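Peer 1: For reference, the sequence and a predicted model appear below.
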Amino acid sequence: MTKGETMDQSNISRRNFLKKLGGTTLATAAVLTGCSKEEEKKTQGVNPQDVPTGKMTYRKDAHGEDVSILAFGCMRLPTTMGVSGREDSKNEIDQEEVNRMVDYAIEHGVNLFDTSPAYCQGRSEKAVGIALSRHKRSEYKVSTKLSNFGVYTREASMEMYHNSFKELQVDYIDYYLLHAVGGGEDAMQLLADRYLNNGMLEFLLEERKAGRIKNLGFSYHGDIRVYDYLLSRHEEINWDFVLIQHNYVDWSHAKKINPGNTNSEYLYGELEKRGIKAFVMEPLLGGNLAKLNNHATELLKKQDPEASIASWAFRFAGTQPNILSVISGMTYIEHLQDNIKTYSPLVPINEEEAKLLSEIADIYANYPTVPCNTCQYCMPCPYGLDIPTIFTHYNKCLNEGLVIEERGNEQYKEARTAFLVGYDRKVPKLRQADHCIGCGKCLEACPQRINIPKEMQRIDQFVELLKRDGADLGNAARLAILMRKLDEGNHSCVIGKGEEVHAYSKRGVMDLYELAEKQEEFTKDALLADKIIGKGAAALAIQCGISHLRTHVICTPAKKLLEENGVKVTFEKEVEFIENRAKTDWCPLEKRLKDCQTVNECMPVIRQFIQDLKDGKI
Ligand code: SF4
Ligand code: SF4
């Protein structure tokens, strides 16, 4: 896949997906897991007797050393409360349990342990160092990172680097990473500040020469320019490996899940063609691929009733031959056991299975969970919101089919109670979504580039709808119902007023155009649900007299025009401009309207456009 391709060119992506996976043959395999929730602990538990020893799959690193395909991710080590140390800052890391899990992992063939000075709120490296120092140095490899997120000075960065050796009790580090490059408002500038201008990259290259770093790489999230830039310097730097986000959804749907991300098909391909080994993070997409919705779960269970849902994702993550190791953050021994089982040995995904996972990925990508992986980087919110827990609850309910807006649905009552009771139980009232003031302070911190305030607004609207219980259906609730009708019927737009609802299915803006020209009474002060709103559709909606509008995608100029004309707008995604169907350029109508500022300026241009369409000139 080329860089300029989009998600919707899924035919191309799907072909590559099948070709690359189907054509892959692997020597052996390894295991993984990545679940941190109590429920997952239960659902993924395997009989310890079924966990094989001596069957782990290994891959060769840049220096020909064997690395287990399962890497123990140490970002969610357990605390003495038995929960993940990523979230629990009050209780100490349970060192005894960490020792037990590390011993178990080594005993079952895992030889890579991945940590960072930032993990478990600064406590991971020390705990990992204590656990590993009880083993021979030849029995394990350790990866850690220059996580200089706050202070970028050379002194502070050097101190962090040297401290990692002390905490880990080692005199060399096997894999050292520039941590999470690609984030921030100006990602190129941030990269320069953190690693280039302070001389840290040069220093690390010297350290590699001196043998204190065996392999040098970087972990990437976000702005693709940073990824491409660092790879463009490969000949000079000679990256030994790169850590990328890779799973069967991100393979070709990354942008749909998170507009700030890039398909792993591209990321992996760029590494493969340069012969750079890939480490994998997010094999479960923040745990979401361990608990799919009912339909997707059924499809996987039909294929293999015995396999855990998570194991499919782990197998996919390890299948490509250039993947060196898959990092799985583990809190409980049950996760470790399930992952070891999956990777002892790895059974690569075959062509038929790849096709199934591609289908599941399509289902998932159209399923609007929030791609939060509970990393906590956005916390604390100055207004007290518990951002990750709100997203976790919402995602869980979505996956369990508990997000239902229509009262007519027979599951509505039960789902409503489950959602609201669970919400109040997990998130104290003062920390819920309705307290978000949209200050945007959390935005820069999120490596998943989630538009947190927008998602908070969406979740709050849903909660409000449930609380009112449809007794007095407000406009938000009515629009939600119209949107459902729009999606289920695959209409181009749906308009509702009082009890009257009409669905339209002509291509593009044709229906809105005809309604606007007729100036029907029905559309005055009506509600409009639409898939995509560009400036043309916005002008027509205003001309129709629409009072409230909800859409999946809106472009910024359309939003501005609507708001200036007093139309209340809600949307799921805002883009700079609307693309044409082939995604190669602007939508032709949008292009013609580029310089129009008002509805009066837009209307003659739209009329001419429709005429040209009818005349076959477009
Ligand atoms: S935008 Fe909302 S969630 Fe983010 S920091 Fe501000 S108040 Fe908190
Ligand atoms: S919203 Fe973003 S930063 Fe916050 S916990 Fe989720 S993924 Fe991490």
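Peer 2: Sure thing, it's come through. Ligands and ions are numbered 1, 2, ... in the order given.
Peer 1: Tell me the buried residues in the helix or strand Glu272 falls within?
Peer 2: Element membership of Glu272 [criterion: DSSP states H and E] is helix 264-274. Within helix 264-274, the residues scored as buried using 16 or more other Cβ atoms under 10 Å are Ser264, Glu265, Tyr266, Leu267, Tyr268, Gly269, Glu270, Leu271, Glu272. C-betas here are computed from N, CA, C, even on glycine.
Peer 1: from what I can see the second one touches His253, true?
Peer 2: This means Glu265. No - Glu265 lies out of contact with His253 (Cβ atoms under 8 Å); the separation is 9.9 Å.
Peer 1: any idea how this protein splits into domains?
Peer 2: Annotated domains of the chain cover 10-116+217-363, 368-472, 490-618 [automatic domain parsing].
Peer 1: how distant is the last one from the center of its chain?
Peer 2: Relative to its parent chain, domain 490-618 has a centroid offset of 30 Å by Cα atoms, centre = their mean, to the nearest Å.
Peer 1: I'd like to know which residues of the protein are adjacent to ligand 1.
Peer 2: 381-383, 385, 387, 436-442, 452-453, 456 (Cβ under 6 Å from any ligand atom).
Peer 1: if you look at those, which of them are in helices?
Peer 2: Among the residues of the chain next to ligand 1, DSSP state H puts Ile387, Ile452, Pro453, Met456 in helices.
Peer 1: Can you select the buried ones from the residues of the chain next to ligand 1 in PyMOL?
Peer 2: Typed into PyMOL, the line below selects the buried ones among the residues of the chain next to ligand 1, using 16+ other Cβ under 10 Å:
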select buried, resi 381+385+387+436+442+452+453+456
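Peer 1: just the residues of the chain next to ligand 1 that are near ligand 2?
Peer 2: Checked against ligand 2 using Cβ under 6 Å from any ligand atom, the residues of the chain next to ligand 1 yield the following neighbours: Ile387, Ile452.
Peer 1: Return the closest of the residues of the chain next to ligand 1 with respect to Asp362.
Peer 2: Ile452 (26.1 Å; Cβ to Cβ).
Peer 1: Show the residue spans covered by the helices in the stretch 251-400 of the chain.
Peer 2: In the stretch 251-400 of the chain, the helices defined using DSSP state H, counting those that start in this stretch lie at 264-274, 294-303, 309-319, 333-342, 351-365, 387-399.
Peer 1: Taking the stretch 201-350 of the chain, what residue is nearest to ligand 2?
Peer 2: When scored by Cβ to the nearest ligand atom, the stretch 201-350 of the chain has Gly286 as its residue closest to ligand 2, at 6.9 Å.
Peer 1: pretty sure that residue contacts Phe391?
Peer 2: No - taking contacts as Cβ under 8 Å, Gly286 lies outside contact range of Phe391: 9.1 Å.
Peer 1: what sits in contact with each of these two?
Peer 2: Cys372, Thr374 (Cβ atoms under 8 Å, 6 or more residues apart in numbering).
Peer 1: Grab the nearest non-local neighbour of Pro557.
Peer 2: Spatial nearest neighbour of Pro557, chain neighbours left out: Lys535 (5.0 Å); criterion: Cβ to Cβ, 6 or more residues apart in numbering.
Peer 1: Correct me if wrong: that neighbour contacts Leu593.
Peer 2: Yes - applying Cβ under 8 Å, one finds Lys535 in contact with Leu593, separated by 4.6 Å.
Peer 1: out of the two, which sits in the busier spot?
Peer 2: Higher neighbour count among Lys535 and Leu593: Lys535, with 30 against 24, using other Cβ atoms under 10 Å.
Peer 1: Where do the helices of the stretch 101-250 of the chain begin and end?
Peer 2: For the stretch 101-250 of the chain, the helices defined by DSSP H, counting those that start in this stretch cover 124-132, 154-168, 187-191, 200-209, 224-232, 234-237, 250-257.
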